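Engineer: Here is a sequence together with a model predicted from it:
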Number of protein chains: 2
Amino acid sequence: MKQTGDLNLVKKINKTIVLHHIRTDSPISRARIAEITGLTKATVSSLVNELIESSLVEEIGVGESSGGRKPMMLLFKGTAGYAIGVDLGVHDILAVLTDLTGKVIREKRIQHHNESVEHVTRLLTTTIRELIDTAPESVYGVIGIGLGVPGICDEEGNLLFAPNLGWENVPLQAQLEAEFGLPVVIDNEANAGAVGEKQFGAGKDTANLVYVSIGMGIGAGIIIRNELYRGATGFSGEIGHISIQHDGPKCRCGSLGCWELYASEHALLEQAGQELGHEVDLESLLSKAENGDAGVIQLFERLGYYLGVGVVNIINGFNPEFIILGGRLAGGEKWLMKPLLELLEKRSLPHPRKQLKVEFSELQDRSTVLGAASFAVAKFFASTTVSVERS
Amino acid sequence: MKQTGDLNLVKKINKTIVLHHIRTDSPISRARIAEITGLTKATVSSLVNELIESSLVEEIGVGESSGGRKPMMLLFKGTAGYAIGVDLGVHDILAVLTDLTGKVIREKRIQHHNESVEHVTRLLTTTIRELIDTAPESVYGVIGIGLGVPGICDEEGNLLFAPNLGWENVPLQAQLEAEFGLPVVIDNEANAGAVGEKQFGAGKDTANLVYVSIGMGIGAGIIIRNELYRGATGFSGEIGHISIQHDGPKCRCGSLGCWELYASEHALLEQAGQELGHEVDLESLLSKAENGDAGVIQLFERLGYYLGVGVVNIINGFNPEFIILGGRLAGGEKWLMKPLLELLEKRSLPHPRKQLKVEFSELQDRSTVLGAASFAVAKFFASTTVSVERS
DNA sequence: AATAGTTTGTAAATTCATTAAACAAACTTA
DNA sequence: TAAGTTTGTTTAATGAATTTACAAACTATT
């Protein structure tokens, strides 16, 4: 249901706006906030003082005068609390402790061989516990845990289906909340990655973007008007299973000719294995290409072509301004980019393409983990804040 | 920018909520609205009385008592104003005059041979003028015009590109606003159709749906959480140009193997023309199939297969609860449905499919025109109302 | 019929966040 | 030194919702 309005709501809305400006445009003065937002100076003063009271904002001294009294500059106090972000991978766990601004305080990387759900979740909890224990003293302490997982989640934070982990129906959120007594957010790794790119990566200034995570499978996180877009039931972006050849080979999802059969890491390794006559891993392929191995380079270029086919579908279906390619395969940027861009040039509609950018991630393998941490921070602020869109 | 909060906003929010309940749950009493919304009886009373003052709501007499004083029942006054809805087709114009509830008061259908933009827009304006002139006397009069067009529009209401009409960069909204001095909304016919189905058709009780319009091309309107989803720059759903065969035949959009090359009315007619050795139209194919012509039936079934291929892509990419198939080809439902459903059963992921429904439109060719009219009504109300989502 | 209890809707007093206006403090510029 | 600017606070006014009280209209029970 829609929420009714009262004075309390008004205050929440305005407090959120004021905090937002302090978070994004800091250092900033009370007067400048009033000017930008249209709120009166009195209102801003009152709200800012409450935010200082609750330790989320601090005064850092006077700034430059512009012809009158010097302004008192305000800063968001990122160290008022800390968040945990985790990227649960198929063979490794990457976990970080960040402050409320998303700055990484500590990072931990652990390999696992995915023996069992119990084994991996035990690794997960000990890793998280360790990071929590090293968190500096702060007003709010560790405010929550965000998790990016290689699979489909529902709204209650159950990991419904993670084919590459071989997991099904794991109530991860409930387990972790019980373990740590903290708010936990769980989402698909591509969704988390998209948020990570939006907040900290190449997508900072773009309201509409698609993050394509190219790993063993292909997933996508979609951000529309600065917000993560989720499908009807909370999990969309199973974009790797959009068919690019209706009578192609059978995919484990049931459909035929799915994109990820052609353009994923798995597809590359399979293809390379056939051509070379023995199994290879991504690292060795990358170094071979680096050394000028023409056959391997051709494999990458072929992959670039197939990546392009799917990217054209994303452009025509979702019409984003910016497509960011991430995941492990992003290491092959050098050989993937050219055939991909050539294909786009040839095959996408002129209207949507006009303002389109396609780039590889600059956060490398940290998009997901940073996005996950920012989920936790967002949940923390959502509990006390609200917003209204202009109609 | 986000809007700041003040008392005015609070009132708008609550007034919108109260009006919403009167529009959807009528007849309803003041006391019941207070109960549902959580607003106090005093607040509801005050807002309802203002709505009565502005002629949007009326009292229709007392209702049944539930053990105490009889309630005064309230009704939304649909006849306080009227709206125009238009479906601008490739060969015809369908226009309606509706009241504020969307009830059709008058309908007009006109053929055109698409001689020129000037000719068609002249037809359009005379048609609209005629409907406006027949609108009954009312408090607000005709409050606006909504238009569904077979092409891509921008936010300023320019028709950027309508390949099947052969139009490009027509400032339709500005032209019509100048002509009639009324607010005009223009959008893609598939978007309008989706809204029409959501408001008046099979999608009334579904928050997330995709409307697929199968005509000369294929378009889609996507509704997420009860709201029309538009891509980044205001036009998405060019879903007909998602490739289902990466090395297929060339499409006029530049890409290869686009869905609409396989599953549109155009594709059907082309195929039929080849097989029969002469040109045919949809009507004759439908009647042949009706008479049991096995060859033609097979054509429809093949089309059903290709429809299914694209629908699987929509399911995996957008994950809706409900897919509604509309447009002229919907007439072939009888032969299209079976192969389509068989394909879905075989090829879509088990998780998304669980709660999925696929149906043909029950509004026939009126989805778009009704959606267009409701755009006009929505714009009228948006000028005085606002809403907040619970965080 | 009389009484008790319920439901509907209005009225009066209170609360509280914002605005508007006035002002003090701190600074720059001429 | 005086005049003008900018910053941020104080005070009074505004107005929408809430709380509390209450009158009117009805049902059910004795």
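Structural biologist: Yep, it's here.
Engineer: Could you list the residues of the stretch 51-200 of chain A in contact with DNA strand D?
Structural biologist: When proximity is defined by C-beta under 7 Å from any atom of the strand, the stretch 51-200 of chain A lies next to DNA strand D at A:Ser65, A:Ser66, A:Gly67, A:Gly68, A:Arg69, A:Lys70, A:Pro71, A:Met72. For glycine as for every other residue, the C-beta is placed from the backbone atoms N, C-alpha and C.
Engineer: 6 Å instead?
Structural biologist: Counting by C-beta under 6 Å from any atom of the strand, the positions of the stretch 51-200 of chain A adjacent to DNA strand D are A:Ser66, A:Gly67, A:Gly68, A:Arg69, A:Pro71, A:Met72.
Engineer: could the residues you listed go into a markdown table alongside secondary structure, neighbour count and distance to B:Leu286?
Structural biologist: Compiled in a markdown table, those are given as follows (DSSP: H, G, I helix; E, B strand; the rest coil; neighbours: other C-beta atoms under 10 Å in any protein chain shown; distance: C-beta to C-beta, whole Å):
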| residue | secondary structure | neighbour count | distance to B:Leu286 |
| --- | --- | --- | --- |
| A:Ser66 | coil | 11 | 74 |
| A:Gly67 | coil | 4 | 77 |
| A:Gly68 | coil | 7 | 78 |
| A:Arg69 | coil | 9 | 79 |
| A:Pro71 | coil | 17 | 74 |
| A:Met72 | strand | 15 | 75 |
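Engineer: Relative to the whole chain's centre, how far out is stretch A:146-160?
Structural biologist: Average the C-alpha atoms of stretch A:146-160, do the same for its chain, and the two points are 14 Å apart (C-alpha atoms, centre = their mean, to the nearest Å).
Engineer: Ends of it, what's the gap?
Structural biologist: Stretch A:146-160 stretches 17 Å from its first residue to its last (C-alpha to C-alpha, to the nearest Å).
Engineer: What are the buried residues along that stretch?
Structural biologist: Neighbour counts over stretch A:146-160 (16 or more other C-beta atoms under 10 Å in any protein chain shown) mark A:146-154, A:157-160 as buried.
Engineer: mind checking which helix or strand the residue nearest to A:Arg30 when sequence neighbours are not counted is in?
Structural biologist: Distances taken as C-beta to C-beta, 6 or more residues apart in numbering or on different chains put A:Val44 closest to A:Arg30, at 5.1 Å, once the chain neighbours are dropped. Using DSSP states H and E, A:Val44 falls within helix A:41-53.
Engineer: If A:Asp92 is in a bridge, with which residues?
Structural biologist: In this entry, A:Asp92 is beta-bridged to A:Gln111, by DSSP bridges.
Engineer: Counting neighbours, what do you get for it?
Structural biologist: Using other C-beta atoms under 10 Å in any protein chain shown as the criterion, A:Asp92 is surrounded by 14 other residues.
Engineer: again with A:His278
Structural biologist: The burial count assigned to A:His278 is 7, neighbours taken as other C-beta under 10 Å.
Engineer: Per the annotation, how does chain A divide into domains?
Structural biologist: Each domain of chain A is listed here as a residue range: A:7-76, A:81-193+A:369-382, A:202-362, per automatic domain parsing.
Engineer: Any buried residues in stretch A:310-330, and which?
Structural biologist: The neighbour-count check on stretch A:310-330 (16+ other C-beta under 10 Å) flags A:310-330 as buried.
Engineer: ok, back up a step: mark which of the buried residues of stretch A:146-160 are part of strands, please.
Structural biologist: When strands are assigned by DSSP state E, the members of those inside them are A:Gly146, A:Leu147, A:Gly148, A:Val149, A:Ile152, A:Cys153, A:Leu159, A:Leu160.
Engineer: and these, which two are the farthest apart?
Structural biologist: Taking C-beta to C-beta, the two most distant members of those are A:Gly146 and A:Leu160; they sit 18.1 Å apart.
Engineer: For B:Thr206, which of the domains of chain A is the nearest?
Structural biologist: Among these, if distance is taken as C-beta to C-beta, the winner is domain A:202-362, at 8.9 Å.
Engineer: okay, how far is it across the closest one, tip to tip?
Structural biologist: 7 Å.
Engineer: now the helices: where do they sit in the stretch 151-300 of chain A?
Structural biologist: A:172-180, A:189-200, A:260-263, A:265-276, A:282-290, A:294-318 (DSSP state H, counting those that start in this stretch).
Engineer: Average pLDDT for the second one, rounded please.
Structural biologist: Summarised as a single mean, pLDDT over helix A:189-200 is 96.
Engineer: Off-centre distance for whichever strand or helix holds A:Gly85?
Structural biologist: Using DSSP H and E, the secondary-structure element containing A:Gly85 is strand A:82-88. Here the centre of mass of C-alpha atoms in strand A:82-88, compared against the chain's by C-alpha atoms, centre = their mean, lies 12 Å away.
Engineer: cool, and stretch A:6-20?
Structural biologist: Its chain's C-alpha centre and that of stretch A:6-20 lie 27 Å apart, by C-alpha atoms, centre = their mean.
Engineer: Can you dump the C-alpha atoms of that stretch in PDB for me?
Structural biologist: The C-alpha atoms that make up stretch A:6-20 are tabulated as PDB, following Å, rounded to 0.1, in the frame of the first residue of the first chain:
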ATOM      1  CA  ASP A   6       2.100  13.300   8.100                       C
ATOM      2  CA  LEU A   7       4.600  15.700   9.600                       C
ATOM      3  CA  ASN A   8       6.800  12.800  10.500                       C
ATOM      4  CA  LEU A   9       7.000  11.800   6.900                       C
ATOM      5  CA  VAL A  10       7.900  15.400   5.900                       C
ATOM      6  CA  LYS A  11      10.700  15.500   8.300                       C
ATOM      7  CA  LYS A  12      12.100  12.100   7.100                       C
ATOM      8  CA  ILE A  13      12.000  13.200   3.500                       C
ATOM      9  CA  ASN A  14      13.800  16.400   4.200                       C
ATOM     10  CA  LYS A  15      16.300  14.800   6.500                       C
ATOM     11  CA  THR A  16      17.100  12.300   3.800                       C
ATOM     12  CA  ILE A  17      17.600  15.000   1.200                       C
ATOM     13  CA  VAL A  18      19.900  17.000   3.500                       C
ATOM     14  CA  LEU A  19      21.900  13.900   4.400                       C
ATOM     15  CA  HIS A  20      22.100  13.000   0.700                       C
END
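Engineer: Much appreciated, bye for now.
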